[in-house]
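Novice: Give me coordinates for this.
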Amino acid sequence: MDLSTTYLGLKLKSPFVPSASPLSEDLDNIKRMEEAGASAISLYSVFEEQIRYERYELHHHLTQGTESYPEALSYFPDPSQLFVGVEDYLKHIERAKAACSIPIFASINGSTLGGWTDFAKQIEQAGADALELNLYNIPTNQDQAGSEIEKQYVDVLRAVKASVSIPVAVKVSPFFTNFSNMAKQFDGAGANGLVLFNRFYQPDIELESLEVVPNVMYSTPMAMRLPMRWIAILFERIGSDLAATSGIHRGTDAVKMIMAGASVTMLCSCLLRHGIKHIRVVEQELRDWMTEHEYASVQQMRGSLSQKYCADPGAFERAQYIRAVGVHTLRS
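Specialist: Reported below is the predicted structural model:
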């Protein structure tokens with residue numbers, strides 16, 4: 001049985017890729033993920049704010065007092081070349097590459113255009129096989145039009161693509177007026193892959209301390225419905241590969257995503273809940289399903305239930321909505 005797939009131009013032994021999470025902060029965990037059957041690993045993210053802060057924090061201390069002696073500034077590196085602290089991230093990439101034989105994807109989490117995108121080049125030099133660009137932003141400026149936000153995202157992608165030669169995948173949320181058009185824009189700007197979707201983290205209010213606190217909850221299989229529909233809509237309508245993330249807990253979840261058109265299925269919450277060895281469970285469930293339904297390869301399955309041949313996906317989705325609501329109304 002052939003579980004191999006191609007993602008970002010890389011041949012992977014299976015469609016199972018652990019997504020960016022705290023699990024990949026530990027080198028032993030990375031080794032265990034490979035042993036459990038991971039075909040590639042997406043490392044935890046380094047944030048735009050980390051890069052900006054550490055660069056200019058050091059620049060501040062290096063240049064403090066030099067206004068009295070301007071010529072002294074020539075002895076100091078330009079802030080755009082300072083990457084202190086995030087050096088640990090680069091070393092982690094190097095160690096992960098040395099410890100594993102599978103591809104290692106680095107991850108940058110950002111939202112605005114700036115010099116921090118140059119860090120992508122250092123990630124490539126550290127040995128990462130690909131880069132996942134996680135674009136996460138909650139627009140709150142009421143005077144900023146949606147088109148400006150879209151342009152900002154595409155500009156960040158173009159800046160990163162200009163810095164590296166390794167493949168770049170874009171991970172975004174679904175909250176655009178027309179995500180189909182947004183996917184086309186990312187594809188046109190050179191995205192090698194789209195990771196659908198970034199989870200929308202929503203804080204809670206702690207009533208005793210009267211503070212706003214982070215509240216990260218594990219996904220459930222219900223969360224896979226949204227990315228599955230968009231993957232089915234976009235399959236072979238854009239050139240970028242499609243990666244499914246959020247809500248994939250069982251082998252049958254992976255089957256659905258692959259049939260919709262996903263090249264890989266990314267695992268996170270199920271590994272945090274059940275442990276790294278759960279990768280083997282999910283893979284075996286996929287094998288069992290393929291055997292029972294007489295599929296010889298993942299490639300044979302991929303996109304078989306997509307909307308590739310649907311002339312009007314919008315009308316199809318509208319029809320499904322009416323059907324679902326109509327059935328519910330009749331039952332009520």
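Novice: Give me the mean pLDDT for stretch 273-281.
Specialist: Averaged over stretch 273-281, pLDDT sits at 97.
Novice: tell me which residues of that stretch are tucked away?
Specialist: I276, H278, I279, V281 (16 or more other C-beta atoms under 10 Å). In short, each C-beta sits where N, CA and C put it, glycine included.
Novice: just the CA coordinates of that stretch, formatted as CSV?
Specialist: Extracted in CSV, the C-alpha atoms of stretch 273-281 (Å, rounded to 0.1, in the frame of the first residue of the first chain):
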residue,chain,number,x,y,z
ARG,A,273,-4.2,14.7,24.0
HIS,A,274,-3.1,11.1,23.2
GLY,A,275,0.7,11.4,22.9
ILE,A,276,3.1,11.2,20.0
LYS,A,277,2.5,7.5,19.5
HIS,A,278,-1.0,8.4,18.2
ILE,A,279,0.6,9.0,14.8
ARG,A,280,0.9,5.2,14.4
VAL,A,281,-2.8,4.8,15.4
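Novice: hmm, back to that, redo the buried residues of stretch 273-281 as a markdown table? Include distance to G251 and secondary structure.
Specialist: Shown next, in a markdown table, are these (distance: C-beta to C-beta, whole Å; DSSP: H, G, I helix; E, B strand; the rest coil):
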| residue | distance to G251 | secondary structure |
| --- | --- | --- |
| I276 | 16 | coil |
| H278 | 11 | helix |
| I279 | 11 | helix |
| V281 | 8 | helix |
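Novice: Walking through this protein, point out its helices one by one.
Specialist: Using DSSP state H, the helices of the chain run over 27-35, 48-63, 87-99, 119-126, 146-163, 179-188, 225-234, 251-260, 269-274, 278-292, 298-301, 313-331.
Novice: And stretch 21-39, end to end?
Specialist: 16 Å (C-alpha to C-alpha, to the nearest Å).
Novice: rewinding a little: rank the helices of the chain by mean pLDDT and give me the bottom one.
Specialist: helix 48-63 (a mean of 54).
Novice: before we move on, back to that, let me have the buried residues of stretch 273-281 in CSV, adding distance to R287 as columns.
Specialist: Conversion of those to CSV gives the following (distance: C-beta to C-beta, whole Å):
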residue, distance to R287
I276, 19
H278, 15
I279, 13
V281, 11
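Novice: So which of the residues you listed is the closest to V195?
Specialist: Closest to V195 out of the buried residues of stretch 273-281 is I279 (18.2 Å), distances taken as C-beta to C-beta.
Novice: For the closest residue to V282 other than its chain neighbours, which residues are in contact?
Specialist: Computed as C-beta to C-beta, 6 or more residues apart in numbering, the closest residue to V282 that is not its neighbour in sequence is G251, at 5.0 Å. Applying C-beta atoms under 8 Å, 6 or more residues apart in numbering to G251 gives the contacts V281, V282, E283, Q284, E285, L286, R287, D288, W289.
Novice: and the gap between G251 and G9?
Specialist: Distance of G251 to G9, computed by C-beta to C-beta, to the nearest Å: 26 Å.
Novice: Check A145 too.
Specialist: According to C-beta to C-beta, A145 and G9 sit 35 Å apart.
Novice: P221 contacts K256, doesn't it?
Specialist: No. Counting by C-beta atoms under 8 Å, K256 is not a contact partner of P221; they are 9.5 Å apart.
Novice: When these two are compared, which one has more neighbours?
Specialist: K256 (21 against 16; other C-beta atoms under 10 Å).
Novice: neighbours of the residue nearest to that one when sequence neighbours are not counted, just the number please.
Specialist: Of all residues not flanking K256 in the chain, M228 sits nearest, at 5.9 Å (C-beta to C-beta, 6+ apart). Other residues within reach of M228 by the criterion other C-beta under 10 Å amount to 23.
Novice: separation between the residue nearest to V282 and W289?
Specialist: For G251, the distance to W289 (C-beta to C-beta) stands at 6 Å.
Novice: what about stretch 246-262, start to end distance?
Specialist: 13 Å.
Novice: Pretty sure I276 sits against E34.
Specialist: No. The criterion here is C-beta under 8 Å, and I276 misses it with E34 at 9.8 Å.
Novice: returning to that earlier point: turn the helices of the chain into a markdown table, columns for distance to S111.
Specialist: Below are these laid out as a markdown table (distance: least, C-beta to C-beta, whole Å):
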| stretch | distance to S111 |
| --- | --- |
| helix 27-35 | 27 |
| helix 48-63 | 7 |
| helix 87-99 | 18 |
| helix 119-126 | 15 |
| helix 146-163 | 7 |
| helix 179-188 | 15 |
| helix 225-234 | 20 |
| helix 251-260 | 27 |
| helix 269-274 | 24 |
| helix 278-292 | 31 |
| helix 298-301 | 34 |
| helix 313-331 | 29 |
